[in-house]
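>>> heads up, no residue letters with this:
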């Protein structure tokens, strides 16, 4: 979060990928650091026994969010 906030303040769009278990902590930290609109992408928890191709498909579905976050600024 610290790096993301620093980059945003330098005018460089940034995103943070966070495991779903840390979603609340990441949003809280972003708010405390003065960037409540931080672009946080939530990575869903894997399921034990999931096949590599299933994991890859989950990650591939996140790319549109990553690109959207990198083409917009989180600064107000």
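Perfect, thanks for sending it. Only a predicted model underlies this, so the values are computations on that prediction, with no experimental measurement involved. Numbering: from 1, shown residues only.
>>> Could you use CA atoms for every contact and neighbour count after this?
Fine.
>>> Residue 40 reaches residue 16, doesn't it?
Yes - using C-alpha atoms under 8 Å, residue 40 is in contact with residue 16, at 4.9 Å.
>>> More neighbours: which of the two?
A side-by-side neighbour count of residue 40 and residue 16, using other C-alpha atoms under 10 Å, places residue 40 first with 21 against 17.
>>> For residue 32, see how far away the more buried one is.
As judged by C-alpha to C-alpha, to the nearest Å, residue 40 and residue 32 stand 15 Å apart.
>>> ok, now how distant is the residue of the chain most remote from its centre from residue 55?
Within the chain, residue 49 marks the point farthest from the mean C-alpha position, 24.9 Å out by C-alpha atoms, centre = their mean. For residue 49, the distance to residue 55 (C-alpha to C-alpha) stands at 10 Å.
>>> How about residue 71?
Distance from residue 71 to residue 55, counting by C-alpha to C-alpha: 26 Å.
>>> Could you list the buried residues of the one helix or strand in the chain whose mean pLDDT sits lowest?
Sorting the helices and strands of the chain by mean pLDDT, DSSP states H and E puts helix 52-60 at the bottom, at a mean of 87. Within helix 52-60, no residue is scored as buried using 16 or more other C-alpha atoms under 10 Å.
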